[in-house]
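Enquirer: coords please:
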Amino acid sequence: MNENKILHVMILDKFLAPFIDFVDENFGRDNHHYVFITSEKYEYGLTPEHKVEFLYTDDDIFITLLEYMKMAKKIILHGLWRDKVDILLYFNQELLKKCYWVMWGGDFYFPETKSNIRHEVIRNIGNLITYVKGDYELAQKWYDSSGEYHECFMYPSNLYKEYDITQEKYTTTNIQLGNSADPTNNHIEVLKKLEKYKNEDIKIFAPLSYGDQVYAQDVIKKGKKLFGDKFIPLTEFMPFEKYLEFLGKIDIAIFAHKRQQAMGNIITLLGLGKKVYIRNDITPWELFKDINVKVFNIQDFKIDLIDEQIKKANQQKIREYFSKENYLNQLKNLFESK
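Expert: Below is the predicted model:
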């Protein structure tokens, strides 16, 4: 790695290959170097053509990565997911002032479960990146973080696109439950809430290809027991275009996470004019309120479809905030900030 580049520290995840593609296309590769903290493997759309570097041994991290961090103009941490990276930063705290931490949620929610080293890193990190201001405020509250707030929705999965999806008319109400096989989706709690509608003309779709597969089997068992063939688990990973086609057929989506999660799904569904239910005690509720987008409180669940006027207003607001133009400006500000 050459000096004065922006160093991106990453893990294998579905959001990151599209991010690299977007940055390459709009900003070029000259000023960016991508490091994945894992053994060499190509998953979630990452290919050898992305020309990234893999670091995973102790020498890789405590010698090579440290050297890269010292040389870098900026360090963008795509989540805080690796204990060894935490330790490296803890013992080299002078690096923290040029670190920009993309807040993913799981890396700082439930602070009582996080190590003292993680607490110290978050407390002293120079810059925090999120578009959910409430998450930044939680880092201040839970970790006494004093870093600077940078508003950016960071990943192309959050980008509004004009999707050419045929939205067919059905008599059946199609309901999406959650976005993955992560227990934080609280599927079983929602299935019990939906049980009173089991004789209605509904289908319940649960995307379960991504996450804890033992938990996924528990969800499938419960869903089939309560709803029979009306419960449809989606257990195969779908390419993006196919997943969009699926979202186009949804009428109502329910996300029962007790923290900020599944935002790519939620934004896409709102952009498609769908009715979205979330909890009203999580930070995205405030975000959507601030940008005048109507989401519905999961405690007030009803099976009726979204009002046409609300649908059109939501689509317009999502189109404006999550536009490519706004995204490019946010990234430009992030990459060029002092």
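Enquirer: and the residue nearest to residue 177 when sequence neighbours are not counted, what does it touch?
Expert: Closest residue to residue 177 apart from its sequence neighbours, by CB to CB, 6 or more residues apart in numbering: residue 206 at 4.7 Å. C-betas here are computed from N, CA, C, even on glycine. Residue 206 sits next to 176, 177, 178, 187, 219, 220, 223, 231, 232, 233, 234 when contact means CB atoms under 8 Å, 6 or more residues apart in numbering.
Enquirer: my guess is the fourth one contacts residue 175. True?
Expert: No - here residue 187 does not reach residue 175: they are 12.0 Å apart, not a contact under CB atoms under 8 Å.
Enquirer: and these two? Which one has more around it.
Expert: residue 187 (27 against 24; other CB atoms under 10 Å).
Enquirer: confirm that residue 104 sits in a strand.
Expert: No - using DSSP: H, G, I helix; E, B strand; the rest coil, the assignment for residue 104 is coil, not a strand.
Enquirer: sec struct for residue 123, please.
Expert: With three-state DSSP as the criterion, residue 123 reads helix.
Enquirer: neighbours of it, how many?
Expert: Counted with other CB under 10 Å, residue 123 comes out at 16.
Enquirer: kindly report the same for residue 162.
Expert: With other CB under 10 Å as criterion, residue 162 counts 7.
Enquirer: enumerate every residue touching it.
Expert: Counted by CB under 8 Å, 6+ apart, residue 162 has zero contacts.
Enquirer: any idea what residue 252 is bridged to?
Expert: residue 175, residue 275 (DSSP bridges).
Enquirer: ok, it - contacts?
Expert: Applying CB under 8 Å, 6+ apart, the residues contacting residue 252 are 173, 174, 175, 176, 274, 275, 276, 277, 303, 305, 306.
Enquirer: from residue 62, how far out is it?
Expert: 49 Å (CB to CB, to the nearest Å).
Enquirer: adding distance to residue 53, write the contacts of residue 206 out as TSV.
Expert: Below are the contacts of residue 206 laid out as TSV (distance: CB to CB, whole Å):
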residue	distance to residue 53
176	37
177	38
178	34
187	37
219	37
220	39
223	42
231	43
232	41
233	37
234	34
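Enquirer: and residue 149, its phi and psi?
Expert: When read as degrees, to the nearest 10, the backbone of residue 149 gives phi -90, psi 130.
Enquirer: beta-bridge partners for it, please?
Expert: Beta-bridge partners, per DSSP bridges, of residue 149: residue 128.
Enquirer: tally of neighbours for it?
Expert: For residue 149, using other CB under 10 Å, the count is 15.
Enquirer: repeat for the one 3 residues further on
Expert: By other CB under 10 Å, the residues close to residue 152 number 19.
Enquirer: what sits against the nearest residue to it once chain neighbours are set aside?
Expert: Using CB to CB, 6+ apart and skipping the chain neighbours, the partner closest in space to residue 152 is residue 330 (4.0 Å). Neighbouring residues of residue 330 by CB under 8 Å, 6+ apart: 131, 151, 152, 153, 154.
Enquirer: follow-up on the earlier one: which element is the residue nearest to residue 177 on?
Expert: Residue 206 is part of strand 202-207, with elements assigned from DSSP states H and E.
Enquirer: check the offset of that strand from the chain's centre.
Expert: 21 Å (CA atoms, centre = their mean, to the nearest Å).
Enquirer: tell me which residues in the worst-scoring helix or strand of the chain on mean pLDDT are buried?
Expert: Lowest mean confidence among the helices and strands of the chain (mean pLDDT, DSSP states H and E): helix 240-248, at a mean of 87. Using 16 or more other CB atoms under 10 Å as the test for burial, helix 240-248 gives 243, 244, 246, 247, 248.
Enquirer: neighbours of residue 316, how many?
Expert: 13.
Enquirer: ramachandran coordinates for it?
Expert: Per degrees, to the nearest 10, the backbone of residue 316 is at phi -60, psi -40.
Enquirer: what about it, distance to residue 336?
Expert: Residue 316 is 30 Å from residue 336, by CB to CB.
Enquirer: now swap in residue 127 and tell me
Expert: 13 Å.
Enquirer: same check, this time on residue 139
Expert: The value you get for residue 139 to residue 336, if CB to CB is used, is 24 Å.
Enquirer: quick one: which of those two has more around it?
Expert: residue 139 (22 against 9).
Enquirer: residues touching the more buried one, list them.
Expert: Counted by CB under 8 Å, 6+ apart, residue 139 has contacts 103, 108, 122, 128, 145, 147.
Enquirer: which residue lies farthest from the center of the chain?
Expert: residue 199 (34.0 Å; CA atoms, centre = their mean).
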